[in-house]
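Q: Just the structure for this:
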Amino acid sequence: MGIDVGGSHITLALVNATSFEMLAESVIRRDLNTNAAPCEVLGVFESAIAACAATVDADAAKGVGLAIPGPFDYATGICRITPAQQKYEQMFGVDFHTSLSSVLGAGKPVLFNNDAASFAMGEYFRGGAAGFKRAIVITLGTGFGAAFIDHGRPQTGGKGVTNGGELWYLPWKDGIADDYFTTRGIVGEWEKISGAKVSGAREVADQAAKGNRQARELFNNFGSELARFLAPWLSSFNADALVIGGNIALSRDLFIPALDATLKTLVAHEVALRECLLGEQAPIYGAALALTMREASVTPATRPSEQGLEINSILRRAAESNAVVIDAPSSTDWKALTLRLDREFRAAGIKPVWFTVAAACDSAGRIDPGQITNIRPDRSARLNVLYGTGASQANWSDAVIL
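A: Numbering: from 1, shown residues only. Here you go, the predicted structure:
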């Protein structure tokens, strides 16, 4: 199963692991309020996954791959999107992996990949990037996604590649790229030059299509500025193709000419411009493909009692509050512990929202006092669980600390 996680909805479908064809009858799209409370957001995921799996035999879905925007710890399934980024505002520190691992049944893999990298993988194997050796694939929408593809493999470092293989966080003008090459960038610029408020880039594009001079100039400048931003990376990566997708790309005729013309003056070698051919199917294919490229293994869970934490005691204490903090030594097998506890909670009729203090740690494992305040319990949830070494530093009021 592949899931494309967008800024306003999720789309998911089953993909045959042998023929790699998408099962049309399994495609499901659900609206998603990304600024809602964690239990509401996770509830949309859980119900959609269950509904998608139900379109085939009960055990046919062998795993879930999610194409999800960053910042996100893809190896562990932990959300690092902060409230300042105006999407998934309450999800910082949420452990998606533990929260979703029980939906298809214990032991079935749940994998996370960058949404732009998943999009690029789908396009490389079945879409606009097919036939090229080194492509940069970008998505323009609520966020600015990018992936560097070298012979079918996303690159997250090395010569000519940004740290992490992403572009959204790089400085640009008075902010970062994500401030400009996104829906909110276009909306903000339109409000600045016209004084009119709009809800999305489509409204500005409609004005341009009607001949509005200011709207046409806005998209023309958008294309030129995007070219100036991308040119150094197209050159250093020696990319032979630039593939463009996302909702803003639906208005490609308004900015691609300026993008192409500017690139020709800034990049010494030829770069083919291609459009996304798969649309929302691209990240679904890419997310599902990731499952076939990794050997799924199931690590036997260590019993919590063996780590000094008694399940029955935790269950009893959880009844006292809607927030529990589990702080234990760094040697604790947190993955095994949380997966086992999640099963026990659910068996008792409690659906927890899992958070981890790891989201607030720097590369050396030190807790950032400024980031830990972004981990906030969902007061509408039956139970919030914050775990990790040093989790008690979060200062959750009224939480039971174990």
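Q: Quote the end-to-end distance of stretch 247-259.
A: Taking CA to CA, to the nearest Å, the first and last residues of stretch 247-259 lie 17 Å apart.
Q: I'd like the mean pLDDT over it, please.
A: Per-residue pLDDT over stretch 247-259 has a mean of 96.
Q: Then stretch 360-380?
A: Summarised as a single mean, pLDDT over stretch 360-380 is 92.
Q: Not counting that stretch itself, show me its contacts.
A: Contact partners of stretch 360-380, identified using CB atoms under 8 Å, 6 or more residues apart in numbering, comprise 37-40, 82-83, 90, 92-93, 322-323, 330, 353, 355, 357, 359, 384, 386, 390, 393-394, 396, 399. Backbone N, C-alpha and C define where each C-beta goes, glycine included.
Q: Counting neighbours, which bits of it end up buried?
A: Along stretch 360-380, these residues count as buried under the neighbour rule (16 or more other CB atoms under 10 Å): 360-361, 367, 371-372, 374-378.
Q: Could you provide those residues in CSV, with additional columns for secondary structure and distance to A290?
A: Output for the buried residues of stretch 360-380, formatted as CSV (DSSP: H, G, I helix; E, B strand; the rest coil; distance: CB to CB, whole Å):
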residue, secondary structure, distance to A290
A360, helix, 27
C361, strand, 25
I367, strand, 30
Q371, helix, 28
I372, helix, 30
N374, coil, 28
I375, coil, 27
R376, coil, 30
P377, coil, 31
D378, coil, 29
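Q: which of these lies closest to L250?
A: When the buried residues of stretch 360-380 are compared for distance to L250 (CB to CB), N374 comes out closest, at 33.3 Å.
Q: Check which helices and strands the helix or strand bottoming out on mean pLDDT in the chain is in contact with.
A: Taking mean pLDDT, DSSP states H and E as the measure, the chain has helix 311-318 as its least confident helix or strand, at a mean of 74. Helices and strands touching helix 311-318, as assessed by 3 or more CB pairs under 8 Å, 6 or more residues apart in numbering; DSSP states H and E, comprise strand 323-326, helix 334-347.
Q: Pull out the buried residues from the last one.
A: Burial within helix 334-347, assessed by neighbour count using 16+ other CB under 10 Å, is assigned to 334-342, 344-345.
Q: Okay, and which of the contacts of stretch 360-380 map to helices?
A: Assignment to helices by DSSP state H places the following of these there: 38-40.
Q: out of the residues you listed, who's nearest L234?
A: P38 (38.5 Å).
Q: and the gap between A67 and L339?
A: Relative to L339, A67 is positioned 22 Å away (CB to CB, to the nearest Å).
Q: same check, this time on E270
A: Computed with CB to CB, the distance linking E270 and L339 is 50 Å.
Q: In the chain, where's the longest helix?
A: Ranked by residue count and defined by DSSP H, the top helix of the chain is helix 213-236.
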